[in-house]
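> Need coordinates for the following:
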Amino acid sequence: MNQRKNAIDFGKAADDYARHRAGFPPKLFHRLADYGIGQPGQRLLDIGSGTGTLARGFAARGCRVVALDRAAPLLAAARRLAEEEGVELEPVQAVAEALPFARASFDVVSAGQCWHWFHRPRAAAEARRALKPGGRLVIAHFDWIPLPGNVVQATEELIIRYNPSWADLEVLRLSGSTGIYRDWLTDVAMAGFTDIETFSFDVDAIYTHEAWRGRIRASAGVAAAGLPPETIAAFDADLARLLRERFPQDPLPVPHRVFALVCTKGA
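Numbers count the residues shown, from 1 in each chain. This is a model prediction of the structure:
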């Protein structure tokens, strides 16, 4: 399983990832503010940052943000998007399991849409080490939700036709997801975090047909999985046909669920 996880490289899909992958909705940041997360001046580390969806959102709220990811192309996209949005973040290429920071360096550590890719006990221990006493860890997800007959279910079925091994990664919650991550509570409790709370809410992410195709090309089942270019092109053509024939509404509401876990490093 670890070999399969390590074979996924979102850097291969950085362009589509940056252009088409919907970011976390503003409501998440409003809810996190109730926990004191995202306050101006806070020093915040966003691990597994990708193109900086969480990092840029926190930077826009006045946090001093370090965006950490193992993929240089994603960090380059995060820097470019931050410049376009007029916010500042510090990109650092490293892994969540071996953070290159001193103990008690940050007020907040965040992880958006990435916790399942880590060696979770190591990542939780490193997040706790990097936090100041009383600091907060937030793990957030923004998952599409497959329901019988909807565009997500149909798209997942098409991905599996082209990449059957993607179905084997379902244990990582990469397909068929309910968007609720109970195991993460055990991860943080075992690492010594306290005051563990979760919340979730549903929203529709609005995608044009073109954007949904780009979003799916950037997924772990297609370009990030290293499928050959000709296979990706054939898949994309089939997805375009599926959208025209079965889901002609354009733009298209796609059901998503936001899930967040918040916990505290005790003194």
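
> who are the neighbours in contact with the residue most central in space within the chain?
Centroid-nearest residue in the chain: Gln113, 2.2 Å away (criterion: Cα atoms, centre = their mean). Neighbouring residues of Gln113 by Cβ atoms under 8 Å, 6 or more residues apart in numbering: Gly48, Gly50, Thr53, Ala140, His141, Phe142, Asp143. In this view, the C-beta of every residue, glycine as well, is placed from N, C-alpha and C.

> Give the helix, strand or coil label for Ser177.
At Ser177 the chain is in coil, as set by DSSP: H, G, I helix; E, B strand; the rest coil.

> Can you give me the buried ones in the helix or strand encompassing Leu261?
Using DSSP states H and E, the element containing Leu261 is strand 252-265. Of the residues in strand 252-265, 252, 254-265 count as buried by neighbour count, 16 or more other Cβ atoms under 10 Å.

> what ranges do the helices span in the stretch 51-200 of the chain?
53-60, 72-85, 120-130, 151-162, 165-168, 183-190 (DSSP state H, counting those that start in this stretch).

> packing partners for the longest one?
It refers to helix 72-85. helix 14-20, helix 53-60, strand 64-69, strand 90-93 (3 or more Cβ pairs under 8 Å, 6 or more residues apart in numbering; DSSP states H and E).

> Turn the buried residues of strand 252-265 into JSON lines, including distance to Ser200 and pLDDT.
Shown next, in JSON lines, are the buried residues of strand 252-265 (distance: Cβ to Cβ, whole Å; pLDDT from 0 to 100):
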{"residue": "Leu252", "distance to Ser200": "23", "pLDDT": "96"}
{"residue": "Val254", "distance to Ser200": "17", "pLDDT": "95"}
{"residue": "Pro255", "distance to Ser200": "13", "pLDDT": "95"}
{"residue": "His256", "distance to Ser200": "11", "pLDDT": "95"}
{"residue": "Arg257", "distance to Ser200": "6", "pLDDT": "96"}
{"residue": "Val258", "distance to Ser200": "6", "pLDDT": "96"}
{"residue": "Phe259", "distance to Ser200": "5", "pLDDT": "96"}
{"residue": "Ala260", "distance to Ser200": "7", "pLDDT": "97"}
{"residue": "Leu261", "distance to Ser200": "10", "pLDDT": "98"}
{"residue": "Val262", "distance to Ser200": "12", "pLDDT": "98"}
{"residue": "Cys263", "distance to Ser200": "16", "pLDDT": "98"}
{"residue": "Thr264", "distance to Ser200": "20", "pLDDT": "98"}
{"residue": "Lys265", "distance to Ser200": "23", "pLDDT": "97"}
